[in-house]
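# Sequence unavailable; structure follows:
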């Protein structure tokens, strides 16, 4: 099942926000760890070290969010559908517009003993 374009935009936004915040938190944690260890770079210029570590952490977190928003889950969905078609099985592709519709489609398909695969 594929989400609506608004769902894709929401996923894009969420992965970047969560990734950026997690990266910033990791950068701050690394700064605290270095500061407690008495690392000379932190001791000589604490503000610049804080900005650098938090900045690099945020950057790498945003890059990870971008990687996740590229929708790597599509490969699994496309592979399953192609495999089913190659083996002369049916493939039903649903395009629900709301989470309620997605739940209804899943309930109907699970009731028929079908294999249900969905994207994020």
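Thanks, I have the structure now. Since this is a predicted model, take the numbers as computed values, not measurements. Residues are numbered from 1 along each chain as shown.
# what's the pLDDT at the spatially most distant residue from the centre of the chain?
Here the chain reaches farthest from its C-alpha mean at residue 44, the gap being 37.5 Å by C-alpha atoms, centre = their mean. pLDDT recorded at residue 44 is 92.
# Could I get the contacting residues of the residue nearest the centre of the chain?
Centrality entry for the chain: nearest residue to the mean C-alpha point is residue 68, 4.0 Å, by C-alpha atoms, centre = their mean. When contacts are counted by C-beta atoms under 8 Å, 6 or more residues apart in numbering, residue 68 touches 15, 19. Quick note: C-beta positions are derived from backbone N, CA and C, even for glycine.
# Can you tell me the SS state at it?
In three-state terms, and counting by DSSP: H, G, I helix; E, B strand; the rest coil, residue 68 is helix.
# Could you measure from it over to residue 79?
19 Å (C-beta to C-beta, to the nearest Å).
# and if you look at residue 12?
23 Å.
# Please apply the same query to residue 104.
Look at residue 104 and residue 79: by C-beta to C-beta, they are 26 Å apart.
# ok, the closest residue to residue 12 other than its chain neighbours - how many residues close by?
Of all residues not flanking residue 12 in the chain, residue 69 sits nearest, at 4.4 Å (C-beta to C-beta, 6 or more residues apart in numbering). Residue 69: 18 surrounding residues under other C-beta atoms under 10 Å.
# Do you know the pLDDT at residue 69?
Reading off the model, residue 69 has pLDDT 81.
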